[in-house]
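> please find the sequence and the predicted model below.
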Amino acid sequence: MAPPAARLARLSRTASFSACHRLHSKSLSDEENLKLFGKCNNPNGHGHNYKVIVTVRGEIDPVSGMVINLTDLKEYMQTAAWCMLLEPGHFSLQQAIMEPLDHKNLDKDVPYFAEVVSTTENVAVFIWENLKRLLPAGMLYKVKVYETDQNIVVYKGEETISER
């Protein structure tokens, strides 16, 4: 009997975190920031209860029946996971979503946002980049971030829109 053909599947897991931020670009004047971002440019900031859906893809393992062990995916998203740094053999405790973002002021507590405007688009990119370093190559498919029920960003790792 021939082995079954490999099947590709996508698997998603949700995480939620609370954080505050201020939409403010250092490239713009205070007046331009206020005009562009409105009340979201409040000097004291504002907060959100973000919801993140991470989708991975891969072949269904014929032995385990899984694309990835959900316990492992949960660890990558919410709790500590070991991530290799630039030098082989040197490891650092790296957390992709909860540790760097939950109950934080994104602009003040997350170094990435010191120079990057903390829009939901950039939050999605930040999460993507963290997860990409942790997951097996090519497994990360999509990061979906809900800032509110009405404001949602989907990021799939694309860098630019292709010229037509």
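In hand now; what should we look at?
> okay but Tyr50 is in contact with Phe17, surely?
Yes: Tyr50 is within contact range of Phe17, at 5.3 Å (criterion: Cβ atoms under 8 Å). C-beta coordinates here come from the backbone N, C-alpha and C atoms, glycine included.
> any idea whether the most centrally placed residue in the chain is helix, strand or coil?
The C-alpha lying nearest the average C-alpha coordinate of the chain belongs to Ile127 (Cα atoms, centre = their mean; 1.9 Å). Secondary structure of Ile127, reduced to three states by DSSP: H, G, I helix; E, B strand; the rest coil: helix.
> in this structure it contacts Glu99, no?
No: applying Cβ under 8 Å as the test, Ile127 and Glu99 come out as separate, 11.9 Å apart.
> what separation do you get for Arg10 and Glu129?
As for Arg10, its distance to Glu129 is 20 Å (criterion: Cβ to Cβ, to the nearest Å).
> next: Gly58.
Relative to Glu129, Gly58 is positioned 20 Å away (criterion: Cβ to Cβ).
> those two: which has the busier surroundings?
Neighbours per residue, other Cβ atoms under 10 Å: of Gly58 and Glu129, the larger number sits with Gly58, 20 against 15.
> and the more buried one, what are its phi and psi?
phi 180, psi 180 (degrees, to the nearest 10).
> do the same with Asp107
With angles defined as degrees, to the nearest 10, Asp107 shows backbone torsions of phi -70, psi -30.
> quick one: it from Ile53, how far?
If you measure Asp107 against Ile53 using Cβ to Cβ, the figure is 24 Å.
> where in this protein is pLDDT low?
1-3, 79-95, 162-164 (pLDDT under 70).
> what about the helices in it?
With DSSP state H as the definition, the chain shows helices at residue ranges 30-37, 70-78, 98-101, 106-109, 120-134.
> using a markdown table, lay out these together with distance to Gly45.
Converted to a markdown table, these look like this (distance: least, Cβ to Cβ, whole Å):
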| stretch | distance to Gly45 |
| --- | --- |
| helix 30-37 | 11 |
| helix 70-78 | 24 |
| helix 98-101 | 14 |
| helix 106-109 | 7 |
| helix 120-134 | 14 |
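> still on that earlier bit, quick check: the residue nearest to the centre of the chain vs Gly65, distance?
Look at Ile127 and Gly65: by Cβ to Cβ, they are 27 Å apart.
> Provide the contact partners of stretch 52-60 at residue level.
Contact with stretch 52-60 is made by 6-17, 66-68, 73, 77, 97, 127, 131, 135-136, 138-146, as judged by Cβ atoms under 8 Å, 6 or more residues apart in numbering.
> with that, I have no additional questions.
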